[in-house]
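J.: What would the 3D arrangement of this be:
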Amino acid sequence: MPKINGNEIRPGNVLEHNDGLWVAVKVDHVKPGKGGAFAQVEMKNLRNGSKLNERFRSADKVERVRLEQKDMQFLYESDGMLTFMDTETFDQVELPADILGERRPFLQDGMTIVVEFYDTEALNATLPQKVVCKIAETEPVVKGQTAANSFKPAVLDNGVRITVPPFVAQDEDIVVNTETMEYSERA
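T.: Numbering: from 1, shown residues only. A predicted model of the protein is given here:
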C-alpha cells in the first residue's frame, strides 16, 4: 500500500492508522506562529463508526488504502441489516442499515449502489447521486406566485421532507440529489 505524507491527506481518503481503517472526514491545515505546520484530521472508523482527531506533521507517513468498488443490487432489509447482491457472481453481502445515515429512505428495491470492499470485507455503501421519487403531498399552486426563489414544502413517497419549486404538483415524479437531499429537476 502506498505511504503518503501527513500533509497530503484529503477528505475521503481511507487510511490505515492504529491497526484500523479510518476515513478522513475533515482536514484542516494549520500553520501556527511557532513550530511546524500540521494537518488536523478528523477521522471516522469504517468498522465501528468511532471518531478520532489526530495531528499529522508533514514528515509523518501514513498508509493510504484503496478500496475496491463494486456495483451491487439492493435486495431487502431485515433486522437492521441491508442485503446486497453482486450482479455478476450472485454473492450476497450484508451491511448495517445505519451506514447510509439520513439517506436510508432513498434506497429502493432493486436499486444498484456502489459497495466498497477492503479485501473481502464490505465497509461502505453509497447511493446514486440522483434518485427519482414521487411527491406524496404538497401545497397546491397559487396563481401569481412567480418569485424566482420561492419554494414550498413537500413530502416524498419515502417520508422525506424537502422543498420544491411552486410549479411541482402532488403525485408528480421528481429527481432528488441524494448528497444534498434537495430537489434537482422533474423526472
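J.: how many neighbours does residue 127 have?
T.: A total of 19 residues lie near residue 127 under the criterion other Cβ atoms under 10 Å. The C-beta positions use only the backbone N, C-alpha and C, and glycine is treated the same way.
J.: Apart from its chain neighbours, what residue comes closest to the spatially most central residue of the chain?
T.: Centrality entry for the chain: nearest residue to the mean C-alpha point is residue 126, 5.3 Å, by Cα atoms, centre = their mean. In this structure, residue 126 finds its nearest non-sequential neighbour in residue 114, 4.9 Å apart by Cβ to Cβ, 6 or more residues apart in numbering.
J.: hey, what's that neighbour bridged with?
T.: Beta-bridge pairing of residue 114 under DSSP bridges involves residue 71, residue 126.
J.: Report how many residues lie close to it.
T.: Residue 114: 13 neighbours (other Cβ under 10 Å).
J.: Distance check, it against residue 71.
T.: 6 Å (Cβ to Cβ, to the nearest Å).
J.: Residue 83 and residue 35, how far apart?
T.: 50 Å.
J.: How far away from the center of its chain is the helix-or-strand element of the chain with minimal mean pLDDT?
T.: Least confident element among the helices and strands of the chain, by mean pLDDT, DSSP states H and E: strand 121-126 (a mean of 84). Distance of strand 121-126 from its chain centroid, counting by Cα atoms, centre = their mean, to the nearest Å, is 11 Å.
J.: Output the contacting helices and strands for it.
T.: strand 81-86, strand 92-96, strand 112-118 (3 or more Cβ pairs under 8 Å, 6 or more residues apart in numbering; DSSP states H and E).
J.: Of all those strands, which one comes closest to residue 15?
T.: strand 112-118 (11.8 Å; Cβ to Cβ).
J.: partners of whichever strand or helix holds residue 131, with directions?
T.: Per DSSP states H and E, residue 131 falls inside strand 130-138. Sheet pairing of strand 130-138 (DSSP bridges) gives strand 152-156 (antiparallel), strand 173-177 (antiparallel).
J.: Run through who's touching it.
T.: Applying Cβ atoms under 8 Å, 6 or more residues apart in numbering, the contact partners of strand 130-138 are 106, 108, 111, 152-160, 164, 168-178, 184, 187.
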